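Participant: pasting the structure only:
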Ligand SMILES: Nc1ncnc2c1ncn2[C@@H]1O[C@H](COP(=O)(O)OP(=O)(O)OP(=O)(O)O)[C@@H](O)[C@H]1O
Ligand SMILES: [Mg+2]
């Protein structure tokens, strides 16, 4: 196996409750992301997928107390970086797409302005050039009439359009090595879901991006991802290639997850 | 366009609001305010003399006749004559307005320029010492009565330290105001090129301005903090951080712009309050503004003066909230639909 682009190693932590006590939520979470691959992270709700992803970028809620572990990226432990160095990693080296794109975009600035802000931050240059880059990025994610759309505000976008804009911001305006996507299609119409997934896969292939895709949709995993990390109750249950996980699952939890998703698929 | 339509709508409201306010104050003043004849007639006056005085004051006619006459005069922008000053109420109000506006602007500017940054400072340092400090300041600023703060400042900076002039109004006693152009002493002194006078007027403004500013900044900081705390927990702030934006950008562009909406709403009310004349504050500092005029009108059952003041104050609120709505449109694109 090649050297992984990112390795989460023994990550553990807990939430501080109001009464001051700690509720453990992550236990010895370890997995690796291989360069150029799309790795899926699956597991039922509350298993710690989002929390792990947010911790990679240092965006975990302030009540989360990390108690062990390292996150190795390009030879550095991200968890040991000072804030200024972490800021240089965000967007530039590792970028993220969130679930509710309409809420993830700032309501009081036009979508184009937000993309342009990020462009200027990451690449410098004039406001004019940044705006053009923003419009171009929107065009690349196949937003029709990108020029006009760029001047609109998030509340004027549908969920699917907003997610395209979010992807343009995180993966095109930012030019990261690693893209984390936390349930990027949840809450969207089924047909739009597959359009967005297609777009994500295409961008990753074109740009040789490494991606970490958190999802509940095992159909998407089977279709688009090379590797799978299965999580349950704050632990990594099993990791492996998609083929291995789907054809030779080792753990009872993985088998149950697969069975449940087949039932879903049959019902649909 | 949305903006023009909204302004027009609001302006259409001015007439019914003014009519309602005028009607209510007219009757309320006469029912609750007592009979001004008693104030102007000597104790030994005969009934005949009293009737004469009543007629002079315009109170002899039946109430509905007085009311119609008042409305008819108002339609010609004639607010009537004050019993106490003998001047037309319109002239009285416009003579005192600049004093109230000048002081109010100083208080408002201090309140905004100090209150918003303090609120942001508290929110980004939530539950740490800057937050506790700001919360202490805002709590005391809201809990302590304004006149008490004013008196304390006077006793420290005038009585004890002799750093600032005493509470004798807009200029030291015996100093003549500059030739009136705008009525704002700072502007008029500057127009006249009289910088000595300008300095005197400015020094007189410091203590009442700071007193007003302190109470204003307390509420502004509190509302800014609360709105900012909420904004900082939002998804869009998380996005901005994830994209690598630095703190300044995250706080002041992406956060504050969203947090400003409740602050603007608050400022509308605060401005209405301030420019209506802070009664106690003006009394303490001998400030010849609208607050003092209104107080005097109540004291003397000066109906026309009181009605004129209330009408002015209510139109002021209408204007303040119109400005709030315009700012809303500018700040929040979701309102422009
Ligand atoms: N702010 C918070 N305060 C306290 N507990 C939290 C907080 N955020 C998450 N948790 C807890 O941490 C655990 C992991 O949450 P996380 O959001 O990572 O789950 P998830 O796997 O992403 O689930 P989902 O599929 O529903 O998104 C859960 O038990 C959750 O209740
Ligand atoms: Mg989640």
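Facilitator: Structure received. It should be emphasised that the depicted structure is a prediction, and the values quoted were computed from it without experimental measurement. Residues are numbered from 1 along each chain as shown, chains lettered A, B, ... in the order given. Ligands and ions are numbered 1, 2, ... in the order given.
Participant: residues in contact with stretch B:295-313?
Facilitator: For stretch B:295-313, the external contacting residues (C-beta atoms under 8 Å, 6 or more residues apart in numbering or on different chains) are B:18, B:21-22, B:25-26, B:29-30, B:33-36, B:39, B:70, B:79-85, B:89-90, B:92-93, B:272, B:276-277, B:279, B:283, B:290, B:293-294. (C-beta placed from N, C-alpha, C; glycine too.)
Participant: Return the set of buried residues in that stretch.
Facilitator: Buried residues in stretch B:295-313, counted by 16 or more other C-beta atoms under 10 Å in any protein chain shown: B:295-297, B:300-313.
Participant: for stretch A:259-268, same thing?
Facilitator: Using 16+ other C-beta under 10 Å as the burial criterion, the residues of stretch A:259-268 that qualify are residue A:261.
Participant: Quickly check: it near ligand 1 or not.
Facilitator: No - residues of stretch A:259-268 contacting ligand 1 under C-beta under 6 Å from any ligand atom: none, with a closest distance of 14.0 Å.
Participant: quick one: contacts for the residue nearest to residue B:189 when sequence neighbours are not counted?
Facilitator: Excluding its sequence neighbours, the residue lying closest to residue B:189 (C-beta to C-beta, 6 or more residues apart in numbering or on different chains) is residue B:198, at 3.9 Å. Residues in contact with residue B:198 (C-beta under 8 Å, 6+ apart) are B:185-186, B:189-190.
Participant: Please list only the buried members of the residues you listed.
Facilitator: The neighbour count (16+ other C-beta under 10 Å) marks B:185-186, B:189-190 as buried among the contacts of residue B:198.
Participant: list the contacts for the spatially most central residue of chain A?
Facilitator: By C-alpha atoms, centre = their mean, chain A has its centre lying nearest to residue A:181, at 1.8 Å. Listed by C-beta under 8 Å, 6+ apart, the contact set of residue A:181 reads A:96-97, A:200, A:211-214.
Participant: again, only this time at 7 Å
Facilitator: The neighbours of residue A:181, taking C-beta atoms under 7 Å, 6 or more residues apart in numbering or on different chains as the test, are A:97, A:200, A:211, A:213-214.
Participant: sorry, back to before: filter the contacts of stretch B:295-313 down to the buried ones and hand me the PyMOL line.
Facilitator: Only the buried members of the contacts of stretch B:295-313 enter the following PyMOL selection, criterion being 16+ other C-beta under 10 Å:
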select buried, chain B and resi 21+22+25+26+29+30+33+36+70+79+80+81+82+83+84+85+89+90+92+93+272+276+277+279+283+290+293+294
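Participant: coming back round to it: so which of the contacts of residue B:198 belong to strands?
Facilitator: With DSSP state E as the criterion, strands contain none of these.
Participant: what's the closest of the residues you listed to residue B:138?
Facilitator: Residue B:138 lies nearest to residue B:186 out of the contacts of residue B:198, by C-beta to C-beta, at 28.9 Å.
Participant: Can you give me the distance of the closest one to ligand 1?
Facilitator: Distance of residue B:186 to ligand 1, computed by C-beta to the nearest ligand atom, to the nearest Å: 52 Å.
Participant: The nearest residue to that residue once chain neighbours are set aside: what's it in contact with?
Facilitator: Closest residue in space to residue B:186, ignoring its immediate chain neighbours: residue B:201 at 5.7 Å, by C-beta to C-beta, 6+ apart. Contact analysis of residue B:201 by C-beta under 7 Å, 6+ apart lists B:170-171, B:185-186, B:189.
Participant: could the residues you listed be laid out in CSV, adding pLDDT and distance to residue A:63?
Facilitator: Shown next, in CSV, are the contacts of residue B:201 (pLDDT from 0 to 100; distance: C-beta to C-beta, whole Å):
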residue, pLDDT, distance to residue A:63
B:170, 94, 54
B:171, 94, 58
B:185, 94, 55
B:186, 94, 51
B:189, 94, 57
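Participant: Among the residues you listed, which one sits closest to residue A:171?
Facilitator: Taking these together and measuring to residue A:171 by C-beta to C-beta, the closest member is residue B:186, at 55.7 Å.
Participant: Just want the residue of the stretch 201-337 of chain B that's nearest chain A.
Facilitator: For the stretch 201-337 of chain B and chain A, the shortest gap (C-beta to the nearest C-beta) falls at residue B:244, measuring 3.2 Å.
Participant: and that residue, how many neighbours does it have?
Facilitator: Residues lying near residue B:244 (other C-beta atoms under 10 Å in any protein chain shown) number 23.
Participant: any idea of the pLDDT on it?
Facilitator: Here, the pLDDT recorded for residue B:244 equals 96.
Participant: ok, and the closest non-adjacent residue to it?
Facilitator: Closest to residue B:244 by C-beta to C-beta, 6+ apart is residue A:91, at 3.2 Å.
Participant: Could you tell me how many residues sit around that neighbour?
Facilitator: Residue A:91 has 25 neighbouring residues, counting by other C-beta under 10 Å.
Participant: Can you give me the distance of it to ligand 1?
Facilitator: Taking C-beta to the nearest ligand atom, one finds residue A:91 at 22 Å from ligand 1.
Participant: doesn't residue B:241 make contact with that residue?
Facilitator: No - between residue A:91 and residue B:241 there is no contact, the gap being 9.2 Å when judged by C-beta atoms under 7 Å.
Participant: what are the bridge partners for the closest residue to residue A:250 other than its chain neighbours, then?
Facilitator: The shortest distance from residue A:250 to any non-neighbouring residue, by C-beta to C-beta, 6+ apart, is to residue A:238 (5.7 Å). With DSSP bridges applied, residue A:238 shows beta-bridge pairing to residue A:230.
Participant: For the chain, which helix or strand comes out least confident on mean pLDDT?
Facilitator: Reading this off chain A. Using mean pLDDT, DSSP states H and E, the weakest-scoring helix or strand in chain A turns out to be helix A:252-267, at a mean of 85.
Participant: The intended chain is chain B.
Facilitator: For chain B, counting by mean pLDDT, DSSP H and E, helix B:37-40 ranks last in confidence among helices and strands (a mean of 76).
Participant: and the residue of the stretch 51-200 of chain B found nearest ligand 1, what element?
Facilitator: In the stretch 51-200 of chain B, no residue comes nearer to ligand 1 than residue B:126, which is 14.9 Å away by C-beta to the nearest ligand atom. In this structure, residue B:126 is located outside every helix and strand according to DSSP states H and E.
Participant: Against residue A:81, how distant is it?
Facilitator: 23 Å (C-beta to C-beta, to the nearest Å).
Participant: Residue ranges in the chain under the pLDDT threshold?
Facilitator: Because you didn't say which chain, this covers chain A. Applying pLDDT under 70 to chain A flags the ranges A:1, A:268.
Participant: looking at chain B here, not the other one
Facilitator: B:1, B:33, B:337.
Participant: Specify the helix with the largest residue count in it.
Facilitator: Longest helix of chain B, by residue count under DSSP state H: helix B:195-232.
Participant: Check which residues of it are buried.
Facilitator: Applying 16+ other C-beta under 10 Å to helix B:195-232 flags B:197-198, B:200-201, B:204-229, B:231-232 as buried.
Participant: Also near ligand 1: which of the residues you listed, exactly?
Facilitator: The subset of the buried residues of helix B:195-232 within reach of ligand 1, counting by C-beta under 6 Å from any ligand atom, is empty.
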